[in-house]
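Participant: Structure here, sequence nowhere to be found:
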């Protein structure tokens, strides 16, 4: 399977991703082997409000990079449903909207489980696509929340999409957008209000500074018509050039690796915890007692933890 | 401090929340003591796209409940910045937009750290406000992602806000919205396109069903003008009535408590891991080796975990 993934075989890649998503133990030795073949691809996170046109921009960026002869991977992250615990809509719907060719691999993902769900799985899929020889991996999520922060940490470059007239929430988040976004994209730049958003961003840029000294570029696009896509790709390159071999880039990379190690450790502990003999029943019984308020959750967690440690790990 | 919180003293409440947010060990015995005084308040999660008008709706719902003589708490969850690790904008800006009186407590929160950050802290703050005698606690987040799923799990009732003309992403998410949202609110119902969103929601409702048999109510509001707020509160009551003493309600509650216990255990393990002697330096050194690709992250995590177990726990 490793050889097939390294050779870029789509079916092998898809199978390994499924193993990783499901937290299958057999994925670990495979991932270990693949790791030495990674470190070449450029990862681009794309975030922004629903309705900002992320999918379209990702489509057009992918097409642009394909035109330049690059192999492109797309990871589309869907929100988890608390009821089904899986992706609401799978690859099917997303793929319809994208012109596929042999050089583009698309994967839609759900964020299963709690511990390092999204970011861990996304980081693993990124490694797989990297090892499989993809030059560019675009990571797109639904929503603007903790997820996007994780992505800002997972991807090398983060694009934040804004659109004219999105209301007060965008205003509230703008300072955060500035820190997360390496490139700020005003999409739907043919809509009214674009000058206002741009002016607000520029005045915010004028008064704020980032630890890495980078002033996020502002790019205007009309993704549906393919306008501004090349400028967007140029801004991504400019950001990468500015970071190359910089102290901040090294620190950022080290920080990403540290957090990833902590995630891996946590999910391993979680796995060990849940597979300890009798743990499921014990957890259920404590949860019942907490619900009845015959024990507080803090004491319950402590007793459960003690039972796990005693069970020998 | 416990007595002051139980008496509803705002300063004591704020101080305890800060302790909880910072993961201070001294918060645990206090939370233990408070727990037996909880279980009375109604928690309402409010989620939806940026620009959907969540803050305004929360404002107006809070005012409505105040008019009914209830004590109201508001928890506003901001996205974390990966650079500053804290809330972008604090209580200040949010509070300006809200008419405060002695019966309304507002707290803006950041999602610090990784493990069960948002959901753990939100659950703790909810318990504090519950113990402090708040009848209603509104939980509002920015964004539509994993966060919101956590909130759907934390709050008793979840409101999902939609607005007319939000584009394809809303369409993509609609199935998820249906499962997460107990009450669906079409805000800005004076904007064009409201009939279309409503018709789409109704047709989706007609073909889908939830495990608990509940058909989410659709409420139209113009929050800025206070229109539809009472209908919204009635829909919340109807949902609560439908769930009272139902098997699904008990299962949902049990599931919430189980996940909360797992979160508490994980964050305790995380704390213990990070405070183990020499762990910070060891983590740093392994992260460096992973960045240089002289070790893969899976082996590094395994070795770090082994070192921690050996250190005696």
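Facilitator: Good, I have the coordinates. The structure displayed is predicted, hence computed values, not measured ones.

Participant: Burial check on residue A:196, number of neighbours?
Facilitator: Other residues near residue A:196 come to 11 when the count uses other CB atoms under 10 Å in any protein chain shown. Every C-beta, even on glycine, is put in place using the N, C-alpha and C of the backbone.

Participant: from what I can see it touches residue A:164, true?
Facilitator: Yes. Using CB atoms under 8 Å, residue A:196 is in contact with residue A:164, at 7.0 Å.

Participant: strands paired with the helix or strand harbouring residue A:107, and their directions?
Facilitator: For residue A:107, the host element (DSSP states H and E) is strand A:104-109. Strands adjacent to strand A:104-109 in the sheet, as given by DSSP bridges, are strand A:72-77 (parallel).

Participant: Tell me where the model's unsure across the stretch 51-200 of chain A.
Facilitator: By pLDDT under 70, the weakly predicted segments of the stretch 51-200 of chain A are A:78-102, A:110-118, A:142-153, A:166-178.

Participant: ok, and does stretch A:239-257 reach over to chain B?
Facilitator: Yes. Against chain B, stretch A:239-257 shows contacts by CB under 8 Å from any CB of the partner chain at A:250, A:253-255, A:257.

Participant: which of these tops the neighbour count?
Facilitator: Busiest of the residues of stretch A:239-257 next to chain B [other CB under 10 Å] is residue A:257, holding 22 neighbours.

Participant: Now do the same contact list for that residue.
Facilitator: B:287-288, B:290-291, B:297 (CB atoms under 8 Å, 6 or more residues apart in numbering or on different chains).

Participant: So which of those residues are in helices?
Facilitator: Per DSSP state H, helices hold the following members of the contacts of residue A:257: B:287-288, B:290-291, B:297.

Participant: of the contacts of residue A:257, list those near chain A.
Facilitator: Counting by CB under 8 Å from any CB, the members of the contacts of residue A:257 near chain A are B:287-288, B:290-291, B:297.

Participant: the helices in chain A, which residues?
Facilitator: Counting by DSSP H, the helices of chain A are A:2-6, A:10-21, A:27-35, A:54-67, A:91-96, A:117-131, A:146-154, A:168-180, A:194-207, A:229-243, A:247-275, A:279-291, A:297-310.

Participant: The first one - contacts with which helices or strands?
Facilitator: Read that as helix A:2-6. helix A:10-21, helix A:27-35, helix A:117-131 (3 or more CB pairs under 8 Å, 6 or more residues apart in numbering or on different chains; DSSP states H and E).

Participant: Please identify which of the ones you listed is closest to chain B.
Facilitator: helix A:27-35 (3.7 Å; CB to the nearest CB).

Participant: What residues of the closest one count as buried?
Facilitator: A:27-28, A:30-35 (16 or more other CB atoms under 10 Å in any protein chain shown).

Participant: Which one of the contacts of residue A:257 is nearest to residue A:9?
Facilitator: Distance to residue A:9 across these (CB to CB) is lowest for residue B:297, with 23.7 Å.

Participant: Any idea how far apart the tips of stretch A:211-221 sit?
Facilitator: 27 Å (CA to CA, to the nearest Å).

Participant: Centre of the chain to that stretch, how far?
Facilitator: How far stretch A:211-221 lies from its chain's middle: 20 Å, per CA atoms, centre = their mean, to the nearest Å.

Participant: Quick one: mean pLDDT over it.
Facilitator: Stretch A:211-221 carries an average pLDDT of 88.

Participant: just to revisit the earlier point, which two from the contacts of residue A:257 end up farthest apart in space?
Facilitator: B:288 and B:297 (12.1 Å).

Participant: Of the two, give the one with the bigger neighbour count.
Facilitator: residue B:297 (24 against 16).

Participant: For that one, which residues are in contact?
Facilitator: A:35, A:257, A:260-261, A:264, B:290 are the contacts of residue B:297 under CB under 8 Å, 6+ apart.

Participant: again, but for residue A:20
Facilitator: By CB under 8 Å, 6+ apart, the neighbours of residue A:20 are A:27, A:31, A:121, A:124-125, A:128.

Participant: Report how many residues lie close to residue A:228.
Facilitator: Residue A:228 has 20 nearby residues by other CB under 10 Å.

Participant: What spatial separation is found between the closest residue to it other than its chain neighbours and chain B?
Facilitator: Spatial nearest neighbour of residue A:228, excluding adjacent residues (CB to CB, 6 or more residues apart in numbering or on different chains): residue A:221 at 3.3 Å. Distance of residue A:221 to chain B, computed by CB to the nearest CB, to the nearest Å: 15 Å.

Participant: Can you tell me how far residue A:221 is from residue A:75?
Facilitator: In this view, residue A:221 and residue A:75 are 21 Å apart by CB to CB, to the nearest Å.

Participant: And for residue A:162?
Facilitator: Counting by CB to CB, the gap from residue A:162 to residue A:75 is 22 Å.

Participant: which residues are contacting stretch A:60-73?
Facilitator: Contacts of stretch A:60-73 (CB under 8 Å, 6+ apart): A:8, A:41, A:44, A:46, A:74, A:98-99, A:101, A:103-107, A:129, A:132-138, A:223, A:226, A:229-230, A:232-233.

Participant: same thing with stretch A:218-233?
Facilitator: Residues contacting stretch A:218-233 (CB under 8 Å, 6+ apart): A:53, A:56-57, A:59-61, A:63-65, A:159, A:183-190, A:194, A:198, A:201-202, A:205, A:235.

Participant: List buried members of these by neighbour count.
Facilitator: Using 16+ other CB under 10 Å, the buried members of these are A:53, A:56-57, A:59-61, A:63-65, A:159, A:183-189, A:194, A:198, A:201, A:205, A:235.

Participant: Chain B next: which of the contacts of residue A:20 are close?
Facilitator: residue A:31.

Participant: TSV please, covering the contacts of residue A:20 and showing distance to residue A:15.
Facilitator: Shown next, in TSV, are the contacts of residue A:20 (distance: CB to CB, whole Å):
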residue	distance to residue A:15
A:27	10
A:31	13
A:121	15
A:124	13
A:125	12
A:128	10
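
Participant: Of the contacts of residue A:20, which is the nearest to residue B:306?
Facilitator: residue A:31 (18.4 Å).

Participant: Just give me the neighbour total for the nearest residue to that closest one once chain neighbours are set aside.
Facilitator: In this structure, residue A:31 finds its nearest non-sequential neighbour in residue B:298, 5.7 Å apart by CB to CB, 6+ apart. Residues lying near residue B:298 (other CB under 10 Å) number 20.

Participant: Show me the domain layout of chain A.
Facilitator: Per the record, chain A has its domains at A:39-246, A:262-310, by automatic domain parsing.
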